[in-house]
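In: one predicted model, sequence on top.
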Amino acid sequence: MSLRQKLSRTRNIGIVAHIDAGKTTVTERILFYTGKVYKMGEVHDGEATMDWMPQEQERGITITSAVTACSWENHEIQIIDTPGHVDFTMEVERCLRVLDGALVVFCAVGGVEPQSETVWHQADKYSVPKIAFINKMDRVGANFFGTLNMMKERFNSIPLAIQIPYGQEENFTGVVDLIRENLITWHENSLGVSFSLGDIPSDILSQVQEYREKLIETLAEMDDQIAEKYLEGSSISEEEIIKAVRQATLSLKAVPVMCGTALRNQGIQPLMDAIVNFLPSPEDVPPVRGLNPLTGHEETRLSNDREPLAALAFKVMQDDGRKLTYLRIYSGHLQMGHDIYNVSIRKKEKISRLLKMHANKRERIDQCGAGGIVAVVGLKETTTGNTLCDESHPILLEPIEFYEPVISQAIEAKTPADQEKLSVALTKLMEEDPTIRVKYEDETAQTVISGMGELHLDIIIDRLKREFNTLVNVGKPRVVYRETIQKRVEAEGRFEKELGEKKHFGHVKITVEPKARGTGIACVELIDEATIPSDFHEAIEEGIRESTLSGVLAGYPVVDVKITITGGSFREGESTELGYKIAASSAVRDGCLRADPTLLEPLMMVEIITPREFMGEVIGDINARRGEIQAISTKGPISEIKAKVPLKAMFGYSTDIRSATQGRATFSMQFYAYDKV
C-alpha cells in the first residue's frame, strides 16, 4: 500500500462523553470485534483493557487517556479513550487538540449530560468532526428521540439520525439503518459477533419513512446533487447518501447519530463502519498551521511524509521510571535513533525508542510517518504542548492551553526519607499532568498541591503512595481564593536606598481601579520618555505584575484590576531598574490597601439529576449551601436542577446527596467564575 493510500485509510479518533455514558465499554467492544483483544474486559469487573491504572480499576472510571490502534475494513483506526469526569477535562482537551475526529457517546437515559456538553464544545473549539452514539438503549428510561431533541436544542450542529432503534428499554431488539433501509439484529449467544440483516417490520414502517425523509431533506439543504434529485423525485443511491453525510460531517454542519447498547454487544459494527465512512483521514483535515520562529510568518504543513517534520507532544507519562512522550505527527516522519529539534525550548533531543501503544502495552517500531500517534522514549526535556520539528525548517505549532486549579490541599512527608522522595514524585506528576500545581509554604513548612477537584487531589495522593512509595499526611482540601479591589484610588511609590555602595532610586505614580469579573489584570502606560526614560518602563511593569501575584488581604493573587502608570520622576545616575521595580510594587500594595480590597471565591455550576420525590430536599440543601438555583427542568420522573454554588460549600457533597436521595441522585460540577465572598 502506498503512503498516500495508507494516509487516506487512517482514522485518528477520540471517544469522549460524560462519566458513565459507556465510553470504555464501547472501546472494549471495538477492540474485540476488530480482533485486537480476544476477550472483552468489563469496567465493573475492573478488567477493561483501556482502564489499566489500579485507581481506574478500583473506581470503575477512566482517569488517564489511553491510546490504542486496531483495523477495520482495511482501515487503521487509532483510538484515544478519554476520561468523563470533570476533574480530568484537561485529558480530553489535549487529546481533542491532536485528533482528527471524535465519537461522542451519550447515555439514552441521561441524554445530553453536563460533561458531554463540555466535551462537545471542546471538540467545536478545535473544529473536530463528530459522530454520536446513543448508548444504553436497553436501560429503563432510555429515550432515543428525547436525546435527539436535546442535541438539537443544545448544539450548533444538526444531529442527523442515520439509524433509529427498534423498540427501547427491555424491548430493544435492534437498529434500523435509514441509509440502507434494513433492520439489524444481533445474535445473543455470539457475543454480538454475528448479526442478521432483515426487512423493516410493518409496525415501524411509517416511523422509518418519516425519519428517512427527514434525513434526505436535511442532506438536500447541504448538498446540491441530493437537492436536485430530491426535487425531481428521483431515487437516491446508498453511495450518494454516504458521500453527502460524510461531506456534511467533515464541514461540521451535521453529526450522524446512531444507537445501540454496548454492554449487550449491539450496535458496534455499524458504528465502526460510520467511523470509516464519515470521520476524516489526516488528509481530509486542513493543513496544520504554525509560526516560523525565524521569520515570524505563518506557515502550513501538509499531512504527508515528504514535508518537513512537524509534531506536537500532547502527553507525558512516567512508566517504570522511564519518561514516555506521546506525539502526534502532522507531517514528515520520525526514525529511531535520529535527532529531533524541540523548537519550543530550542534544544535538540534524541529518539532512543519509538513505541506503538496499546493502553499500557507497547510494540517497538523503527519509524512512523505523518498522521501517526506514537510514544517516544529519550526526550528528556520535552513537555506537554512542545513542538518538535526539523531544525532546518522550524515551525512552532499553537501550544495547548491549561486550566487553572480551583482547589488546594496541604501535604507533608511522614519521614525525612519520604521528604526526599516527595519532591521527585511531585515533579514527575506535574510533568504528566499540567493542571497540578505545587507550592512550598515557608510559614507552615507544608507543601500545597492544587488541582481541578477533590477526586483529582485524591488520585494524586493515591499515586504518591502506590507508584512512588511516598507516605504523606494530608490536610483538608482548601479553596483557592482571589483578591480584587472595589474603588479607584491614586497611589505613589518611592524607593531611595544605598545598596552595596550604589544608590538606587525609583519614583512611580499610578492609579488602580476595579475591572469587570473575569477580565484579569491590565497595565496601561501614560508616561513619556521625558518623565521616566523608556529603559525603565519594563522594570516598572515587572514590579506591578509581581505585586499582583500576592494580594494585601490574605496573599492570594489579585485579579480584575486596571493599573495605569500616570507619572513619577527620574534622577540621572541614581535611577535604577531595581529602584523602579520596588517603587512600582509598593505603589500597587499601597493602592490596593486603600481601594477597599475584597476576597473572591470560586463559584461552581452544579447540575443535579434527581428523582422528583427528592427535589425538595435537594433544593433545600443547595439553599443551605449559599447556592443560587438557575434552572429546574423536569423529564418524566426525573428533575434536573442547575445551581451556582460556592466551591467551599461543596466539600463532601457527594456523601450528603447520596444520603438525602437514597443514593439515586447524581451530580456534576465545573468551575463557573470568581465572585465576592
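Out: Ah, there it is.

In: contacts and neighbour counts: CA atoms only from here.
Out: Noted.

In: how far off centre is stretch 10-18?
Out: 12 Å (C-alpha atoms, centre = their mean, to the nearest Å).

In: and the contacts of that stretch?
Out: Contacts of stretch 10-18 with the rest of the structure, by C-alpha atoms under 8 Å, 6 or more residues apart in numbering, involve 23, 27, 75-85, 92, 95-96, 99-106, 113-116, 119, 275-276, 279-282, 371.

In: take those residues and keep only those in strands.
Out: Among these, the members found in strands (DSSP state E) are 75-81, 101-106.

In: dump these to CSV, plus pLDDT, neighbour count and distance to residue 305.
Out: Converted to CSV, the ones in strands among the contacts of stretch 10-18 look like this (pLDDT from 0 to 100; neighbours: other C-alpha atoms under 10 Å; distance: C-alpha to C-alpha, whole Å):
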residue, pLDDT, neighbour count, distance to residue 305
75, 90, 18, 18
76, 89, 19, 17
77, 89, 21, 19
78, 87, 21, 18
79, 85, 27, 21
80, 80, 27, 23
81, 75, 29, 27
101, 91, 28, 21
102, 90, 27, 24
103, 91, 25, 27
104, 91, 24, 30
105, 91, 28, 33
106, 91, 28, 37
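
In: you'd agree residue 295 is in a helix?
Out: No. Per DSSP: H, G, I helix; E, B strand; the rest coil, residue 295 lies outside any helix segment and is coil.

In: just the pLDDT at it, thanks.
Out: On the pLDDT scale, residue 295 is placed at 87.

In: how much space separates it from residue 340?
Out: 21 Å (C-alpha to C-alpha, to the nearest Å).

In: cool, residue 257 as well?
Out: Counting by C-alpha to C-alpha - residue 257 and residue 340 are separated by 42 Å.

In: who has more neighbours out of those two?
Out: Set residue 257 next to residue 340 and count neighbours by other C-alpha atoms under 10 Å: residue 257 wins out with 24 against 19.

In: who are the packing partners of the helix or strand hosting the more buried one?
Out: Element membership for residue 257 (DSSP states H and E) is strand 254-259. With contacts taken as 3 or more C-alpha pairs under 8 Å, 6 or more residues apart in numbering; DSSP states H and E, strand 254-259 sits against strand 130-135, strand 158-161, strand 163-166, helix 238-250.

In: give the pairing partners of that strand; include direction for each.
Out: Here strand 254-259 has these sheet partners by DSSP bridges: strand 130-135 (parallel), strand 158-161 (parallel).

In: and the angle from that strand to strand 101-107?
Out: Comparing the axes of strand 254-259 and strand 101-107 via axes from the mean of the first three to the mean of the last three C-alpha atoms, to 10 degrees yields an angle of 40 degrees.

In: how far is strand 254-259 from where the chain is centred?
Out: Worked out by C-alpha atoms, centre = their mean, strand 254-259 lies 22 Å from the chain centre.

In: that older thread, most neighbours per residue, which of the strands paired with strand 254-259?
Out: Of all these, strand 130-135 carries the top mean neighbour count, a mean of 26, counting by mean count of other C-alpha atoms under 10 Å.

In: and after that strand, which helix or strand comes next?
Out: Taking DSSP H and E, what comes next after strand 130-135 is helix 144-154.

In: just want the angle from that next one to strand 254-259.
Out: 160 degrees.

In: good, we can wrap up now.
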